[in-house]
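Trainee: Fold the stuff below for me.
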Amino acid sequence: MKMQKTLALVKMELKKIIREPAYLFLMILFPAVLTLVFGLAFGSPQFNYMAPGLFAYACIFIIMIVAQSFSDDREQGLLKRINITPTTSGEFMGSHIISNTLLSIFQVAIVAVCSLIIGFRPKGGATGFLLAFVLIIVLSICSVGFGLITASVAKSAGTATGLSFIFILPQMFFGTFIPLNDATRMIAYFLPSYYATDALNLIFLEGVPLTELTIWIDLGILSIMSVVIVLLGILLFKKYGKA
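Mentor: Sure, this is the predicted structure:
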């Protein structure tokens, strides 16, 4: 019964995202356009270097979608209505984590298809792709946490959109495809997208064996950060985000 309620909430959330033109643009058109523009602008050698970072780049925009979604739910009174139903906050939060993780997988699949069309040929094989999707799933969970933190302080969906860039921009500049030097790398160590991109570079560009310790260290650090950020997001939203 508990799982059925969670799945029903997941279905409701996915329908809401699909029906919103802005969400639909971010979900489908933005990753595709971004990948195609970069591929055509920079050409094959440079794009191959950038492609792993684009996977993480697309994923971190889930922060904005989650922040907007929770802010919309609060403005429309949905959160108050849920509080007087048998649905628990855990089921409601869980449905958002599941639905937005599915959305991230879909976005990354779009980036992967567009990259392959342009000419990107990743190393690592099918197993490498599978591990890459695991990394993206963990990063998307982390993005949900950042979205919850944003929604906790945002007063409206519009405000949530602006505030979400506090978490999006640093990860864009220091944790995706933009080259790092010694100084910027020190900043990147504090950002989840850095660890996802680092592992993806090792898998797709260098083709290192999946037994390579660095990949699993990156995944471990990313997993710890995701758990901490999601828990922090849930606690903050429960305390400040439902008003």
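
Trainee: Next secondary structure after the helix or strand of the chain with the lowest mean pLDDT?
Mentor: When each helix and strand of the chain is scored by mean pLDDT, DSSP states H and E, helix 21-24 comes last, with a mean of 66. Using DSSP states H and E, the next helix or strand after helix 21-24 towards the C-terminus is helix 30-59.

Trainee: Give me the below-cutoff pLDDT ranges for the chain.
Mentor: Applying pLDDT under 70 to the chain picks out residues 1-6, 9, 16-18, 20-28, 78-80, 82-90, 240-243.

Trainee: quick one, helices of it?
Mentor: 2-19, 21-24, 30-59, 62-75, 78-83, 89-118, 125-153, 157-175, 182-188, 192-200, 213-236 (DSSP state H).

Trainee: closest one to residue 207 among those?
Mentor: Closest to residue 207 of these is helix 125-153 (CB to CB; 7.8 Å). Every residue, glycine included, has its C-beta placed from N, CA and C.

Trainee: For that closest one, name the packing helices and strands.
Mentor: Packed against helix 125-153, as judged by 3 or more CB pairs under 8 Å, 6 or more residues apart in numbering; DSSP states H and E, are the following elements: helix 30-59, helix 62-75, helix 89-118, helix 157-175, helix 192-200, helix 213-236.

Trainee: any idea which of the ones you listed is most buried?
Mentor: Of all the helices and strands packed on helix 125-153, helix 192-200 has the most neighbours on average by mean count of other CB atoms under 10 Å, namely a mean of 27.

Trainee: what comes into contact with that helix?
Mentor: If you take CB atoms under 8 Å, 6 or more residues apart in numbering as the criterion, helix 192-200 is touched by 52-53, 55-57, 59-60, 131-132, 135-136, 138-139, 142, 171-172, 174-177, 188, 214-215, 218-219, 221-222, 225-226, 229.

Trainee: relative to helix 125-153, how tilted is it?
Mentor: Angle between the axes of helix 192-200 and helix 125-153 is 180 degrees (criterion: axes from the mean of the first three to the mean of the last three CA atoms, to 10 degrees).

Trainee: Now do helix 192-200 and helix 157-175, the angle between them.
Mentor: Using the same axes, to 10 degrees: helix 192-200 against helix 157-175 is 40 degrees.

Trainee: From the chain's centroid, how far away is helix 192-200?
Mentor: Remark: helix 192-200 is offset 12 Å from the chain centroid, using CA atoms, centre = their mean, to the nearest Å.

Trainee: Would you mind writing the CA trace of it as PDB?
Mentor: Output of helix 192-200 as PDB, limited to C-alpha atoms (Å, rounded to 0.1, in the frame of the first residue of the first chain):
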ATOM      1  CA  PRO A 192      29.300  17.100  -6.400                       C
ATOM      2  CA  SER A 193      29.400  17.500 -10.100                       C
ATOM      3  CA  TYR A 194      33.200  17.500 -10.100                       C
ATOM      4  CA  TYR A 195      33.300  13.900  -8.800                       C
ATOM      5  CA  ALA A 196      30.700  12.700 -11.300                       C
ATOM      6  CA  THR A 197      32.600  14.400 -14.200                       C
ATOM      7  CA  ASP A 198      35.900  13.100 -13.000                       C
ATOM      8  CA  ALA A 199      34.700   9.500 -13.000                       C
ATOM      9  CA  LEU A 200      33.000  10.000 -16.300                       C
END
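
Trainee: one step back: residue 150: which of the helices and strands packed on helix 125-153 is closest?
Mentor: Of all the helices and strands packed on helix 125-153, helix 62-75 comes closest under CB to CB, at 3.8 Å.
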